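Enquirer: curious how this folds, go ahead:
(one chain, ligands or ions: 1)
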Amino acid sequence: MIKSKSKSESRLLMMMVVAILAGGTAGYFWGDAMQSIAWVGELFLTTLKMLIVPLIAASVITGVAGLGDVRHLGRMGGLSVAYYGCTTFIAVSIGLIMANLWQPGVGAGLGDAAAPTHQLHDVGMSELILSLVHPNIIEAAATMKLLPIIVFCIVFAAALTTLGETGKPVIRFFEGVNEAIMTMVGWIMFFAPIGVFALIASKLGQNGGGEAFLAQIQSLLVYVLTVISGLLTHAFLLCTALFIITRRSVLDYLKHMGTALMTAFSTASSSATLPLTMEGVKNAGVNDRARRFVLPLGATINMDGTALYEAVAVLFIAQAYGIDLSFTQQILVLITATMAAIGAAGIPEAGLVTMVIVLEAVGLPLEGIGLLLAVDWFLDRCRTTVNVLGDSMGAAIVDHLDHKVK
Ligand code: ASP
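Expert: You can find the predicted model right below:
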């Protein structure tokens, strides 16, 4: 049974690799035609999104209820926040070091700097704290505001565990919901290679096909290389941490996570990828209680790739405008980029919007964002993949540490 499961996992992984390569090739050469299959990708993405709210609710409630007493919840919560905080801080530091070394913005022309078309809004500390709650939990679910749903479910589950026999049927109900949703995830996975193919091919098509893509990359080559080398360095550190702390085989873990990572790359949304991240971490054998609690929280607030990207982007803008950021200002970037990444939703290009708080903190022109728009759709995919990698490694590491601290 286990053998056949791992066989079908390997087969799916192979199909995903082929789908990404084929999607890239088709979008490169026949970009225009590929736009007509955009709806297939949309279908895959929407089907995944459809599962997010019930999955998060059932998973967090059963996860927290499974932890038993409130002290265990406190320990697991503390470990998760410590992991998220440390890795995000390291990610921003890598971004700052890379941008100082490569100097991607020096000599970049300001000619293309148009005001960004995205709706920009400020996210201060008080907004971040207020975003933990919502006056209407149904509306939060309807509008996919995930953080208040998670907070509600944690407190709701903690309350259920104090009710004894009265709380048990409710917990059992959510266990059933959780199992059913995970079964649906298993079914959707078979559709993943087709969805991924369509998403990649049509997105390349929408952006003008292969030649336009190469021209976009070329116009900001040093910047793109700085972000990508930073992301790769961070991914390497995460893998090393997984090995040193848990002694797991990194290759084996990555194999289980392959489908989720490739879906993250194709959808540019860590929230939409959450169902597949759950499945991958489950197959990797991470304890249910840790997985159910740590992953939804991670997919919502832990964004290492976004934090790293924001640091590089802000330094790029400063360099392009010929503004020298002092050491103290760079420390301010470190702090605000961490906040901006926590505040970013797990949806496409959210990081671009929350970057405003970093730019404002160090007094840089917001129009600078316009300089980066051309390649953001591509870098968004790369950083989302690292966001999902950070979440999945976090589940295994927090689970391991939780057993040790006990
Ligand atoms: N697209 C990213 C995610 O979903 C967020 C961002 O950096 O824009 O994780």
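Enquirer: the helices in the stretch 1-150 of the chain, which residues?
Expert: Along the stretch 1-150 of the chain, counting by DSSP state H, counting those that start in this stretch, helices occupy 2-29, 31-34, 38-66, 70-102, 125-130, 137-142, 146-161.
Enquirer: what mean pLDDT does the second one get?
Expert: Read that as helix 31-34. The average pLDDT for helix 31-34 rounds to 88.
Enquirer: return the distance of the nearest residue to residue 95 once chain neighbours are set aside relative to residue 231.
Expert: Nearest residue to residue 95, sequence neighbours excluded (CB to CB, 6 or more residues apart in numbering): residue 311, at 3.1 Å. C-betas here are computed from N, CA, C, even on glycine. From residue 311 across to residue 231, the span is 12 Å (CB to CB, to the nearest Å).
Enquirer: still on that earlier bit, mind checking which of the helices of the stretch 1-150 of the chain is nearest residue 259?
Expert: helix 2-29 (5.5 Å; CB to CB).
Enquirer: who in this protein is up against the ligand?
Expert: By CB under 6 Å from any ligand atom, the residues of the chain that approach the ligand are 268-270, 303, 306, 344, 346-351, 380, 383-384, 387.
Enquirer: which of the residues you listed fall in helices?
Expert: Among the residues of the chain next to the ligand, the residues falling in helices (DSSP state H) are 270, 306, 350-351, 380, 383-384, 387.
Enquirer: quick one on the thing from earlier: which one's more surrounded, residue 311 and residue 231?
Expert: Taking other CB atoms under 10 Å, residue 311 and residue 231 do not tie; residue 311 has more neighbours (31 against 26).
Enquirer: tell me the mean pLDDT for the one helix or strand that one maps to?
Expert: For residue 311, the host element (DSSP states H and E) is helix 304-320. Averaged over helix 304-320, pLDDT sits at 95.
Enquirer: could you list every helix and strand that it packs against?
Expert: When contacts are defined as 3 or more CB pairs under 8 Å, 6 or more residues apart in numbering; DSSP states H and E, helix 304-320 sits against helix 70-102, helix 221-246, helix 327-343, helix 350-361, helix 373-405.
Enquirer: next, count neighbours for the nearest residue to residue 252 once chain neighbours are set aside.
Expert: Taking CB to CB, 6+ apart, and ignoring the residues beside it in sequence, residue 252 has residue 284 as its nearest neighbour in space, at 7.5 Å. Other residues within reach of residue 284, judged by other CB under 10 Å, total 19.
Enquirer: pretty sure residue 284 is touching residue 250, no?
Expert: No. Contact between residue 284 and residue 250 fails when scored by CB atoms under 8 Å: they sit 11.0 Å apart.
Enquirer: I'd guessed the residue nearest to residue 95 sits against residue 334; true?
Expert: Yes. Here residue 311 reaches residue 334: they are 7.3 Å apart, a contact under CB under 8 Å.
Enquirer: common neighbours of the two, please.
Expert: Common contacts of residue 311 and residue 334 (CB atoms under 8 Å, 6 or more residues apart in numbering): 92, 96.
Enquirer: lowest-pLDDT helix or strand in the chain?
Expert: helix 125-130 (a mean of 77; mean pLDDT, DSSP states H and E).
Enquirer: identify all contacting residues around it.
Expert: Contacts of helix 125-130 (CB under 8 Å, 6+ apart): 339, 342-343.
Enquirer: could you flag which of the residues you listed are buried?
Expert: Buried subset of the contacts of helix 125-130 (neighbour count, 16 or more other CB atoms under 10 Å): 339, 342-343.
Enquirer: pLDDT below threshold where in the stretch 301-406 of the chain?
Expert: Along the stretch 301-406 of the chain, segments meeting pLDDT under 70 span 406.
Enquirer: now do the contacts for the residue in it that the ligand sits nearest to.
Expert: Going by CB to the nearest ligand atom, the ligand is nearest to residue 351 of the stretch 301-406 of the chain, at 2.8 Å. Shown in contact with residue 351 (CB under 8 Å, 6+ apart): 303, 306, 309-310, 340-341, 344, 380, 383.
Enquirer: repeat that for 7 Å
Expert: Residue 351 sits next to 306, 309-310, 344, 383 when contact means CB atoms under 7 Å, 6 or more residues apart in numbering.
Enquirer: from residue 103, how far off is it?
Expert: On the measure of CB to CB, residue 351 and residue 103 end up 22 Å apart.
Enquirer: ok, now residue 357?
Expert: 24 Å.
Enquirer: can you check residue 213 too?
Expert: With CB to CB as the criterion, residue 213 and residue 103 are 25 Å apart.
Enquirer: more crowded one of these two?
Expert: Counting neighbours by other CB under 10 Å for residue 213 and for residue 103 shows that residue 213 has the greater number, 22 against 15.
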